[in-house]
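**Q** Could you look at this predicted model? Sequence included:
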Amino acid sequence: MTLNRKHIASLAASSLAFGLACLARADEPARGILVRSERIAPGFLADWKAKGARTVVVILDESSKDEWPRIARSVADGGLDLWAWIEVARNPALADAHPEWVASLGGHHDDWRKRFPNAPRGRAGEGIKAWPWVPIGYTAAYDAHRARIKALVSDLPGRWSGVYLNDLQTGPSSCGCGNDQCRWALDYGTPATTARSPGDDAAARLVGEIQKATPGKTVVPVWVMECETIDLPGAPGGTGLCGGVGCARGDCWPRNARAWNPLLALGCPIGLGLWSETFKRDPDHWIESNIKLSQNQPSGAKVLSPDRAIAIVQAWGLDPRALANRQALVARSTPGWILALDPIDQSWKPTLAPVK
Ligand SMILES: [Zn+2]
């Protein structure tokens, strides 16, 4: 049976058919750019189409939503496919309104202090937080994020294909090791400041709920691979990114798998956030090796097949030659890729919050 557009639309309307709706796109992998809305102009789009782009992902937030009719028209006129990008967990407004929802830095380790020598020290009744990361793993934060995302995507006008949801994991350096890719733990060895959602599958639940709310669109979670063997203490030629903290393979690996596997079971593509320079990695080696890691994760994490992976690569601030090299590098490594031409902020700073 072949699926025509009408079939796909009616299948997508059924909550059981997300996998099929996603598979219908598998023969045309994402290839293109991720930009702020100000960049969208006919010449810019024509230029990127000539360079092989067919996908344009535009950052959608409370300020750019009003511009969406113009954006959708320009991208359609340019013969390209429009997607939205929503930053989820890194949210200064929500973090300021609800300090108790901000991600904790792990209480078993304080190696992160080497990066923040002037960080405050909590007294009794206070916990250290990674401002402004508000993970969806807290029940009240989950509800607030879901309401915000629904408000952004509902009644979004014009033709658009789907939405990328960035940072559905816990905050950076979640065990306290200092590694920005360490995102497996919520309140690791620290007293909670708010109630947690049960289980480790909050990301899959949120993606599923947004998928239901946007029939016919594809929802793509964007994931960051966890810290790597070369980051561990004593690794020959290592990065030192995990400080003196050894690998918690008995805890971190299974928990990572319990968050990752339900996402894969949804059947949709998964974006890999490859913020190479931000994560102090050499892009020439790390981008390809990190894509491979998603296909070969340890301890029970299922394999992401290459046709479902979308590599989203740091590409801001590069001169034209370096940008062309970055595009060639990622296009060689995987069928689906997006060049992020505008910064995706992954920074954080330690702050104090009262512990209830
Ligand atoms: Zn860690």
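**A** Arrived safely.

**Q** Okay, and A322 sits in which element?
**A** helix 320-333 (DSSP states H and E).

**Q** what comes into contact with that helix?
**A** 31, 51-52, 274, 283-284, 287-288, 291, 311, 313, 315, 318, 337, 339 (C-beta atoms under 8 Å, 6 or more residues apart in numbering). Glycine gets a C-beta too; all of them are placed from N, C-alpha and C.

**Q** What are the contacting residues of the very next helix or strand once past it?
**A** Once the chain leaves helix 320-333, the next helix or strand it forms, by DSSP H and E, is strand 337-340. Here strand 337-340 makes contact (C-beta under 8 Å, 6+ apart) with 29-34, 55, 57, 271, 310-316, 323, 326-327, 330-331.

**Q** Look at the spatially closest residue to V163 that is not a sequence neighbour and tell me its secondary structure.
**A** Once flanking residues are discounted, V163 sits nearest to A84: 4.4 Å by C-beta to C-beta, 6 or more residues apart in numbering. Under DSSP: H, G, I helix; E, B strand; the rest coil, the three-state class of A84 is strand.

**Q** right, and A84 touches L165 too?
**A** No: using C-beta atoms under 8 Å, A84 makes no contact with L165, being 9.5 Å away.

**Q** before we move on, back to that, in strands, which of the contacts of strand 337-340 appear?
**A** Counting by DSSP state E, these place R31, G32, I33, L34, T55, V57, G271, I310, A311, I312, V313, Q314 in strands.

**Q** So what's the residue count around the last one?
**A** So that's Q314. 23 (other C-beta atoms under 10 Å).

**Q** so how far is R281 from it?
**A** Q314 sits 9 Å away from R281, going by C-beta to C-beta, to the nearest Å.

**Q** what's the answer for E126, then?
**A** Taken as C-beta to C-beta, the span from E126 to R281 is 34 Å.

**Q** Looking at the two, which has the bigger crowd around it?
**A** R281 (21 against 16).

**Q** all strands of the stretch 101-250 of the chain, in order?
**A** 126-131, 162-166, 218-223 (DSSP state E, counting those that start in this stretch).

**Q** near the ion, anything from the helix or strand just after the last one?
**A** The element immediately downstream of strand 218-223 (helix or strand, assigned by DSSP H and E) is helix 252-265. No: in terms of C-beta under 5 Å from the ion, no part of helix 252-265 sits within range of the ion; the closest distance is 7.4 Å.

**Q** Helix 252-265 packs against which elements?
**A** Under the contact criterion of 3 or more C-beta pairs under 8 Å, 6 or more residues apart in numbering; DSSP states H and E, helix 252-265 touches helix 202-213, strand 218-223.

**Q** quick one: contacts of the longest one?
**A** The list of residues contacting helix 202-213 from outside it, by C-beta under 8 Å, 6+ apart, reads 15, 18, 136-137, 142, 145-146, 149-150, 153-154, 163, 165, 168-169, 197, 217, 219, 221, 259, 262-263, 265-266, 268.

**Q** Try it again at 6 Å.
**A** 15, 18, 136-137, 142, 149-150, 168, 219, 221, 259, 262-263, 266 (C-beta atoms under 6 Å, 6 or more residues apart in numbering).

**Q** what's the answer for stretch 342-356, then?
**A** 35-36, 99-100, 116, 119-120, 122, 125-131, 133, 172, 191, 193, 275, 278, 316.

**Q** in this protein, which ranges drop under the pLDDT threshold?
**A** 1-27, 298 (pLDDT under 70).

**Q** hmm, back to that, which one of the contacts of helix 320-333 is nearest the ion?
**A** L274 (19.0 Å; C-beta to the ion).

**Q** Could you report the neighbour count for the nearest residue to that closest one once chain neighbours are set aside?
**A** Of all residues not flanking L274 in the chain, V313 sits nearest, at 4.8 Å (C-beta to C-beta, 6+ apart). Neighbours of V313 under the rule other C-beta under 10 Å: 24.

**Q** I figured V313 hits W275, correct?
**A** No: under the criterion of C-beta atoms under 6 Å, V313 is not in contact with W275, lying 8.4 Å apart.

**Q** tell me the contacts of C247?
**A** Counting by C-beta under 6 Å, 6+ apart, C247 has contacts L232.

**Q** Phi, psi for it please.
**A** phi -80, psi 130 (degrees, to the nearest 10).

**Q** How much space separates it from the ion?
**A** Distance of C247 to the ion, given as C-beta to the ion, to the nearest Å: 9 Å.

**Q** do V207 as well
**A** In terms of C-beta to the ion, V207 sits 24 Å off from the ion.

**Q** Now do that residue against W68, distance only.
**A** 22 Å.

**Q** neighbour-wise, which of the two wins?
**A** V207 (23 against 20).

**Q** Okay, that one and A213: tell me how far apart.
**A** V207 is 11 Å from A213, by C-beta to C-beta.

**Q** Likewise for P69?
**A** 21 Å.

**Q** on that earlier part again, and the ones in strands among the contacts of strand 337-340, which is closest to the ion?
**A** Among these, and counting by C-beta to the ion, the member closest to the ion is Q314, at 21.2 Å.

**Q** Kindly state which of the helices and strands packed on helix 252-265 is positioned closest to V245.
**A** V245 sits nearest to strand 218-223 of all the helices and strands packed on helix 252-265, at 21.5 Å, using C-beta to C-beta.

**Q** List, one by one, the residues from this structure near the ion.
**A** C175, C177, C182.

**Q** In CSV, list these along with neighbour count.
**A** Listed next are the residues of the chain next to the ion as CSV, based on neighbours: other C-beta atoms under 10 Å:
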residue, neighbour count
C175, 27
C177, 27
C182, 30
